[in-house]
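A.B. asks: coordinates only, no sequence provided:
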């Protein structure tokens, strides 16, 4: 068992404690212990299983250590299972609604007797929520609006969550010998940021009843509908459709079920204009079915360049000027920025981050802890920032093959100013300017606020520019086209935040950014070792936006990045 899994279980327990209105300090203790576990440079499970005594871990006392030992042995611990079984499901659901939170959810449940999402929605419509102490008409309307996001999240999953289910499916299909070929299609294959279901295209290994055989394996949690050519199942609560095709139809079926609908509408129009017909069973010229042995051949027959799955959204992929053969890959990334250390709300120390980046063959990293206004995230006071700068300089003096850029993620304050004086910011290599509060401004006010920050000569990167949290909240109201133009005029780089909850800037804006002459930087916004892995989701989004390595700043080597950052404020 990895330390990340142990930390995740401790955090889960802390969340259940919070949901049940338990003591604040107890909640904090388990969250603190989880952060400490994430930052360790040794594997807890390996030490415990070897019989050695576990070294002292910051914030882990006798009680929590007992829970950790139980987690390693059984994958959970008694108190967690007990509180889970005794927690009303509605408290968990309400806790996911922006504007509610654990304490308010507990109050709503106890005082209004709300036991379902529908009952909460009805209580808002009936104006009963506004009558509760601590609520009002404004908060009631906000909660009513945000209920829609929770409904949406019940229908869709983040790509990262769907990927976990997809990996289980891959493992299952690799373990059976009666399926010759398979692939997951649909929005998952197109790497859309959220996924409604998984679509599998299958070729049997000489079996006529392969889908029935799969259904009887007991792998899926549920078989909702069965047939010879299609079954509808579910795994981890995610709908999964499996369709079986003849071997000669595999690639046209894969292409068809990859989508999108808008892409296929354009493609069918092109096919028709050239006297072809295309569907899931093949590509036809008159009554003749043409043999196809790859997706590339489908486009070649129609006289088109090959369009990778990520781009098939019916938006810009049919343009002749796009370089589809050279889309950015994870291997192109030479280093990563927007990393939080344990100076603020990160779990890892500076040297641990350097060691991990080097193990990943990165050549540089950019440290950017939270600024002082983000007190809730341990934002750095000036003296703490200066101390960190000294430590980074010391690390750089000891390393010739790796470089740490000194930065800060500065809050953009409500008036558009940054969170430190110019004298302080001049000591850094870069400043990421981000909004973390006061989201409810009008579009003109928010646009002016961001543009003022972009015009600050200390700003090098605009962080998560729309502030969206996928399946949780929309971005704030902002004219992104004006912001993009202003960033390009001021040589400010726009972040593509790779956190799967954000993926912000939205890939749909990237062609506009390129047209204006701008570039992006892919940033994992990592707070722990797991966070570094999020870079792949940013790569997916960059590819969806048609970006090549030339458009992505951190495909440059160390000298190239240093050259971009050299003009300090």
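C.D. replies: That came through fine. None of the values given here were measured: they were computed from a predicted structure.
A.B. asks: strands of the stretch 451-569 of the chain, residue ranges please.
C.D. replies: 461-462, 493-497, 520-523 (DSSP state E, counting those that start in this stretch).
A.B. asks: and those: which comes nearest residue 48?
C.D. replies: strand 520-523 (35.2 Å; Cβ to Cβ). Heads up, the C-betas are built off the backbone N, CA and C, glycines and all.
A.B. asks: for the closest one, packing partners?
C.D. replies: When contacts are defined as 3 or more Cβ pairs under 8 Å, 6 or more residues apart in numbering; DSSP states H and E, strand 520-523 packs onto strand 335-339, strand 493-497, helix 535-544.
A.B. asks: thinking again about what came up before, give me whichever of the strands of the stretch 451-569 of the chain is most buried.
C.D. replies: strand 520-523 (a mean of 28; mean count of other Cβ atoms under 10 Å).
A.B. asks: among the helices and strands packed on strand 520-523, which is nearest residue 310?
C.D. replies: Short answer: helix 535-544, nearest of these by Cβ to Cβ, at 4.6 Å.
A.B. asks: and the closest one, average pLDDT?
C.D. replies: For helix 535-544, mean pLDDT is 98.
A.B. asks: who touches it?
C.D. replies: Residues outside helix 535-544 that contact it (Cβ atoms under 8 Å, 6 or more residues apart in numbering): 159-160, 190-193, 308, 310-311, 313, 327-330, 333, 336, 496-500, 503, 507, 510, 520, 522-524, 551-552.
A.B. asks: who's in contact with the nearest residue to residue 196 once chain neighbours are set aside?
C.D. replies: Counting by Cβ to Cβ, 6 or more residues apart in numbering, residue 156 is the residue found nearest to residue 196 once chain neighbours are left out, at 5.2 Å. With contact taken as Cβ under 8 Å, 6+ apart, residue 156 is in contact with 194-196, 471.
A.B. asks: per-residue confidence for the nearest residue to residue 307 once chain neighbours are set aside?
C.D. replies: In this structure, residue 307 finds its nearest non-sequential neighbour in residue 317, 4.9 Å apart by Cβ to Cβ, 6+ apart. If you check residue 317, the pLDDT there is 95.
A.B. asks: equivalent analysis for residue 23, please.
C.D. replies: 89.
A.B. asks: swap in residue 2?
C.D. replies: What the model reports as pLDDT for residue 2 is 85.
A.B. asks: I'd say it and residue 43 touch.
C.D. replies: Yes - if you go by Cβ atoms under 8 Å, residue 2 and residue 43 touch, sitting 7.2 Å apart.
A.B. asks: for the residue positioned nearest the centre of the chain, what are its contacts?
C.D. replies: Residue closest to the mean C-alpha point of the chain, counted by Cα atoms, centre = their mean, is residue 500 at 0.3 Å. Residue 500 is in contact with 158-161, 193, 470, 534, 537, counting by Cβ under 8 Å, 6+ apart.
A.B. asks: how does it look with 10 Å?
C.D. replies: Taking Cβ atoms under 10 Å, 6 or more residues apart in numbering as the criterion, residue 500 is in contact with 158-163, 193-194, 470, 533-534, 536-538, 540-541.
A.B. asks: what of residue 150?
C.D. replies: Applying Cβ under 10 Å, 6+ apart, the residues near residue 150 are 93-94, 96-98, 100, 117, 120-121, 471-472.
A.B. asks: now with 8 Å?
C.D. replies: 93, 96-97, 117.
A.B. asks: please list the members of those residues that lie in helices.
C.D. replies: Per DSSP state H, helices hold the following members of these: 93, 117.
A.B. asks: the helices in the stretch 451-569 of the chain, which residues?
C.D. replies: When assigned using DSSP state H, counting those that start in this stretch, the helices of the stretch 451-569 of the chain occupy the ranges 480-489, 510-515, 529-532, 535-544, 558-565.
A.B. asks: what about residue 19, how many residues nearby?
C.D. replies: The tally of other residues near residue 19 (other Cβ atoms under 10 Å) stands at 22.
A.B. asks: doesn't residue 104 make contact with it?
C.D. replies: No - between residue 19 and residue 104 there is no contact under Cβ under 8 Å: 11.0 Å.
A.B. asks: residue 115 and residue 83, how far apart?
C.D. replies: Separation of residue 115 from residue 83 (Cβ to Cβ, to the nearest Å): 18 Å.
A.B. asks: between these two, which has more neighbouring residues?
C.D. replies: Shown here are residue 115 and residue 83; by other Cβ under 10 Å, residue 83 has more neighbours (17 against 13).
A.B. asks: identify the bridge partners of residue 409.
C.D. replies: Legend: beta-bridge partners of residue 409 under DSSP bridges are residue 370, residue 432.
A.B. asks: quick one: mean pLDDT for stretch 448-461?
C.D. replies: Average pLDDT, stretch 448-461: 98.
A.B. asks: in the stretch 301-450 of the chain, which spans are strands?
C.D. replies: Counting by DSSP E, counting those that start in this stretch, the strands of the stretch 301-450 of the chain are 335-339, 364-370, 403-411, 430-434.
A.B. asks: what angle sits between the longest one and strand 430-434?
C.D. replies: Translated: strand 403-411. 30 degrees (axes from the mean of the first three to the mean of the last three Cα atoms, to 10 degrees).
A.B. asks: counting by contacts, list what strand 403-411 packs against.
C.D. replies: Using 3+ Cβ pairs under 8 Å, 6+ apart: strand 403-411 touches strand 335-339, strand 364-370, helix 382-398, strand 430-434, helix 558-565.
A.B. asks: what's the helix or strand for residue 4?
C.D. replies: Following DSSP states H and E, one finds residue 4 within helix 3-19.
A.B. asks: among the helices and strands packed on strand 520-523, which is nearest residue 377?
C.D. replies: Per Cβ to Cβ, nearest to residue 377 of these: strand 335-339, 13.5 Å.
A.B. asks: please identify the buried residues of that closest one?
C.D. replies: 335-339 (16 or more other Cβ atoms under 10 Å).
A.B. asks: residues in contact with it: which ones?
C.D. replies: By Cβ under 8 Å, 6+ apart, the list of residues contacting strand 335-339 reads 346, 353, 357, 362-368, 405, 407, 409, 430, 432, 461, 463, 495, 497, 521-526, 532, 535, 554, 558, 561.
A.B. asks: pLDDT below threshold where in this protein?
C.D. replies: For the chain, applying pLDDT under 70 flags the ranges 207, 568.
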